[in-house]
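J.: structure for the following, please:
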Amino acid sequence: MKTGTLILLAGILFILLVDVAFYLVARPHRRWVKRLYWGVSCLFALGLLGYHALMPRLTGGEMYFWAGKGILLLLLYYVPRGVYLAAIAPFLFFRRRRWTGRVATIVALLSFLAILHGTTLGRYQYRVEEVKVAIPGLPAAFEGLRVVQLTDLHLGSLGRGYPGIRLLVEKVNALRPDVVALTGDIVNNFATEILPWSDDLRAISARHGKFAVTGNHDYGDYTCWPSPGAKEANLRDLFRNVEACGFRMLNNASHPLAIGGDTLYICGVENWRKSPLPSHGDVTGALRGTNGHVVVLLSHDPVYWREEITRHPVALTLSGHTHAMQMGFQAGRYRWSPAKYFFPEYNGLYARDGRQLYVSRGVGYLGIPGRVGLRPEITVIQLTNSPAS
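T.: Predicted structure coming up:
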């Protein structure tokens, strides 16, 4: 069964369970209240069915914005009620206290406010993650090299008045990066999604260059095209539009950075993923001609690092894709997200067999129009030859 169908069924089941349970707890008596209650339930279920049926048939990116607003309404309506039920459930089997309902109501209200904040102002309250990565054998000229990683922009999810991209550019330029790496999912499906933001993306500056690779959404695999040729033309337009913003596309290719007589390679693979969608990544091709040099590899899907890249001489891989499922929480060094149950490496720095991987949770969003708990991330990777302390 396809992932989209599973998500649809899970969503409808969630609606049904919450509505039935809340109905049994509230026990409304008036007929018009009952009709309104179940009418709203049916509207949300039909909305999910419509989303599932219509989204693959879109011919433009603007509907992703409106679909996100619909998902937001669903979350604001159902999640606090689900939280209320979870808070009150233990007391249904024991003697209920006077304060039980009040506590459950406060917890539900807090969940409502968390979602509301995360999908409004929280969408662009970027967190700058400073990460020092020790690479044995790093040439002296590259000591302290600052690579700013951006990933998962999903530009089609943003409304035309969205202030987040301009703020993103300001924050990135204030970091004075040596290199900017854009690790895929620039759009949701369509090359035209970049156009409203071209001037902003062009304004990003980096001392030694800006580089980009494709993510799974950049190939237009999540919509229907009138012909294979139209889909191929969209991908060509995407490459053209990204490069017009000053980024060099690394499609299974490499680019040497030469500083003070030393050389480091920035390499990039096209998106790789497990079936059923096609995989385009070729790490062997991307590394051709880089023998004996330190390599920083851009690869959208972190699973590729685990499955293949660790077999190759790649010092550091930068990935995105997971979004950390756009929800979770962080307290000091501890962080949690449901993404941990789906991705072995979902956010942060990982090491295996002398190879290192950093997974960013990204700056944009898809589906849920924002980030709840875990803020969107701008990553600053600082390279060093010194051992990690």
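
J.: wait, doesn't G68 sit right on P369?
T.: Yes: at 3.5 Å, G68 counts as touching P369 under the criterion of C-beta atoms under 8 Å. Heads up, the C-betas are built off the backbone N, CA and C, glycines and all.

J.: let's see the helix or strand hosting G50 as PDB, backbone CA atoms only.
T.: Assigned by DSSP states H and E, G50 falls within helix 31-54. Provided in PDB are the C-alpha atoms of helix 31-54 (Å, rounded to 0.1, in the frame of the first residue of the first chain):
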ATOM      1  CA  ARG A  31     -30.300  17.400  18.300                       C
ATOM      2  CA  TRP A  32     -28.900  20.400  16.400                       C
ATOM      3  CA  VAL A  33     -25.600  20.100  18.400                       C
ATOM      4  CA  LYS A  34     -25.300  16.400  17.500                       C
ATOM      5  CA  ARG A  35     -25.900  17.200  13.800                       C
ATOM      6  CA  LEU A  36     -23.400  20.000  13.800                       C
ATOM      7  CA  TYR A  37     -20.900  17.800  15.600                       C
ATOM      8  CA  TRP A  38     -21.000  14.900  13.100                       C
ATOM      9  CA  GLY A  39     -21.400  17.300  10.200                       C
ATOM     10  CA  VAL A  40     -18.000  18.900  11.000                       C
ATOM     11  CA  SER A  41     -16.500  15.400  11.300                       C
ATOM     12  CA  CYS A  42     -17.800  14.500   7.900                       C
ATOM     13  CA  LEU A  43     -16.400  17.700   6.400                       C
ATOM     14  CA  PHE A  44     -12.900  17.000   7.700                       C
ATOM     15  CA  ALA A  45     -13.000  13.400   6.500                       C
ATOM     16  CA  LEU A  46     -14.200  14.500   3.000                       C
ATOM     17  CA  GLY A  47     -11.400  17.100   3.000                       C
ATOM     18  CA  LEU A  48      -8.800  14.500   3.600                       C
ATOM     19  CA  LEU A  49     -10.300  12.400   0.800                       C
ATOM     20  CA  GLY A  50     -10.300  15.400  -1.500                       C
ATOM     21  CA  TYR A  51      -6.600  16.200  -0.600                       C
ATOM     22  CA  HIS A  52      -5.600  12.700  -1.400                       C
ATOM     23  CA  ALA A  53      -7.500  12.700  -4.700                       C
ATOM     24  CA  LEU A  54      -6.600  16.200  -6.000                       C
END
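
J.: distance from the chain centre to it, please.
T.: 29 Å (C-alpha atoms, centre = their mean, to the nearest Å).

J.: packing partners of that helix?
T.: helix 3-26, helix 63-92 (3 or more C-beta pairs under 8 Å, 6 or more residues apart in numbering; DSSP states H and E).

J.: buried set for that helix?
T.: Residues of helix 31-54 classed as buried: 41, 44-45, 47-48, 51-52 (neighbour count, 16 or more other C-beta atoms under 10 Å).

J.: stretch 253-266 too?
T.: Applying 16+ other C-beta under 10 Å to stretch 253-266 flags 253-254, 257, 263-266 as buried.

J.: among the residues you listed, which are in strands?
T.: In strands, defined here by DSSP state E, the members of these are 253-254, 257, 263-266.

J.: can you lay out the residues you listed as a markdown table showing distance to D218 and pLDDT?
T.: Formatted as a markdown table, these follow (distance: C-beta to C-beta, whole Å; pLDDT from 0 to 100):
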| residue | distance to D218 | pLDDT |
| --- | --- | --- |
| A253 | 16 | 97 |
| S254 | 20 | 97 |
| L257 | 24 | 96 |
| T263 | 29 | 96 |
| L264 | 26 | 97 |
| Y265 | 23 | 98 |
| I266 | 19 | 98 |
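
J.: for those, which one is nearest E345?
T.: I266 (20.8 Å; C-beta to C-beta).

J.: returning to that earlier point: would you list the ones in strands among the buried residues of stretch 253-266 in CSV and tack on distance to F211?
T.: Output for these, formatted as CSV (distance: C-beta to C-beta, whole Å):
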residue, distance to F211
A253, 10
S254, 10
L257, 10
T263, 16
L264, 12
Y265, 11
I266, 5
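
J.: and this protein, what are its domains?
T.: 3-118, 127-384 (automatic domain parsing).

J.: report the distance from the first one to the chain centre.
T.: Right, domain 3-118. Domain 3-118 sits 23 Å away from the centroid of its parent chain (C-alpha atoms, centre = their mean).

J.: where in the stretch 151-300 of the chain is pLDDT low?
T.: Judged by pLDDT under 70, the stretch 151-300 of the chain has its weakly predicted residues at 275-277.

J.: apply 90 and report the result again.
T.: Counting by pLDDT under 90, the stretch 151-300 of the chain has low-confidence residues at 159-161, 222-224, 260-261, 273-279.
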